[in-house]
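Q: The sequence and its predicted three-dimensional model are supplied below.
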Amino acid sequence: MKKFTDSIVKAHDFGDEFDVPFEKEKILTFEEFERKEIDSRNQNQKFLEDLKKKNDDKNISDAVKKSNLELYNIASESLKSRNSIDIKKMYEDYVKYTMERNNYNPENERKNIVKELDSLFVLKQYKTELTNQLLEKNLNSLLGSSQYFPIPVSKHENEGEIYEMVPNDVLAFEMENNFAAGRYSILYKINGENLVPISEFPENDKNFDKKLSKYVKSSWRFEPRSVPEIKKLKAGEYFIVTSLYSEEDAACCPSMLIEYKTKNFKTFTPLRISTDPENNKWINIK
């Protein structure tokens, strides 16, 4: 289980915003930082004084005066709070934060998340606020965040459904994506003690597309939520059955089924297609 988790964390992208190289921020000297902070406080003080002068103008309405007074009170409290903080303390916090950002390492962040989850799960703390915060970092990028590693969710509370789709060969991690009650799987080829991510869908195989286009005239697509059936043939090839969607099909409701085979999960050969699954009618693809 530990090996499985480590493989997932290593295999999955940690989010573009973390992996894109960025220029390290120059750390200001205390003198530079102090000068900037004093200038900022002076500017804020001048803003308050100008706002007070505007409110003394007899030509403005009572409504504007009231709005200005509320803004003045808020800004005044904010400046008073800021002025009360020692600049040396502010500088120490600034240096600490900047150094942490400059030394950020995605791989270390992955390890830290798993380490924190390990410490929580050992204590059977599956539903704490911290646990949820760590697991929620996995939200799919299409739904507003980045996918770090699979959220363990299945019919069993707090667990993911892990099983060998092909015994000793293909491992499946099946889960819910919390979107339209969807359920999908991520597949891994068992390579010794390592797990190699594979895709069961021939989405980038032009020869496959060319053959299939003779039998499906409209646009089609595969959906990650369509968990396939995979069997290994005696010749070493993998036989796959899964849903195929027309352009008009909703994500929940595919109108077709397709069978195909592959040796390496990179190139695929279409075998049969059913445009009428309810009546189990199939067409051989030549």
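A: Happy to help now that I have it. Remember, predicted model here, so these are calculated numbers, not experimental data. Numbers count the residues shown, from 1 in each chain.
Q: ok, which stretches of the stretch 151-286 of the chain are strands?
A: Taking DSSP state E, counting those that start in this stretch as the criterion, the stretch 151-286 of the chain contains strands spanning 161-166, 170-176, 183-191, 194-198, 220-221, 229-232, 238-246, 256-262, 268-276, 281-284.
Q: who does the second one pair up with?
A: Applying DSSP bridges to the sheet, strand 170-176 is found paired with strand 161-166 (antiparallel), strand 183-191 (antiparallel).
Q: Taking their axis directions, that strand and strand 238-246 sit at what angle?
A: Strand 170-176 and strand 238-246 are oriented at 30 degrees to each other (axes from the mean of the first three to the mean of the last three CA atoms, to 10 degrees).
Q: Quick one: work out the angle between strand 170-176 and strand 194-198.
A: Using the same axes, to 10 degrees: strand 170-176 against strand 194-198 is 60 degrees.
Q: and strand 170-176, average pLDDT?
A: Mean per-residue pLDDT for strand 170-176: 76.
Q: what about it, distance to the chain center?
A: In this view, strand 170-176 has its centroid 17 Å away from the chain centroid, taken as CA atoms, centre = their mean, to the nearest Å.
Q: With the first one instead?
A: Averaging C-alpha coordinates over strand 161-166 and over its chain gives two centres that are 23 Å apart (CA atoms, centre = their mean).
Q: need the longest helix for the chain.
A: Ranked by number of residues, the top helix in the chain under DSSP state H is helix 30-55.
Q: Which elements pack onto that one?
A: Helix 30-55 is packed against helix 62-84, helix 87-102, with contacts defined by 3 or more CB pairs under 8 Å, 6 or more residues apart in numbering; DSSP states H and E. Any C-beta I mention is one placed from the backbone N, CA and C, and that applies to glycine too.
Q: where among the ones you listed is the average confidence lowest?
A: Ranked by mean pLDDT, those bottom out at helix 62-84, which scores a mean of 86.
Q: can you pull the buried residues of it?
A: 68, 72, 79 (16 or more other CB atoms under 10 Å).
Q: Next one: the second one from residue 83, what distance?
A: The spacing between residue 72 and residue 83, counted by CB to CB, to the nearest Å, is 16 Å.
Q: Low-confidence regions, the stretch 1-150 of the chain specifically.
A: Within the stretch 1-150 of the chain, the stretches with pLDDT under 70 are 1-22, 106-107, 110, 135-150.
Q: repeat that with 80
A: 1-23, 58, 104-114, 124, 126-128, 131-150 (pLDDT under 80).
Q: quick one on the thing from earlier: highest mean neighbour count out of the strands paired with strand 170-176?
A: When you average the neighbours per residue for each of the strands paired with strand 170-176 (mean count of other CB atoms under 10 Å), strand 183-191 leads with a mean of 17.
Q: send the alpha carbons of it over as PDB?
A: What follows is strand 183-191 as a C-alpha-only set of coordinates in PDB (Å, rounded to 0.1, in the frame of the first residue of the first chain):
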ATOM      1  CA  ARG A 183     -16.900   7.700 -11.100                       C
ATOM      2  CA  TYR A 184     -13.600   7.100 -12.900                       C
ATOM      3  CA  SER A 185     -10.400   5.100 -12.700                       C
ATOM      4  CA  ILE A 186      -6.700   5.600 -13.100                       C
ATOM      5  CA  LEU A 187      -4.800   2.600 -14.400                       C
ATOM      6  CA  TYR A 188      -1.300   1.500 -13.700                       C
ATOM      7  CA  LYS A 189       0.800  -1.200 -15.400                       C
ATOM      8  CA  ILE A 190       2.600  -3.300 -12.800                       C
ATOM      9  CA  ASN A 191       6.300  -3.300 -13.800                       C
END
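Q: What's the mean pLDDT across that strand?
A: What strand 183-191 shows for mean pLDDT is 80.
Q: how close does the residue nearest to residue 266 when sequence neighbours are not counted get to residue 53?
A: Nearest non-adjacent residue to residue 266, counting by CB to CB, 6 or more residues apart in numbering: residue 205, 7.7 Å away. Residue 205 sits 72 Å away from residue 53, going by CB to CB.
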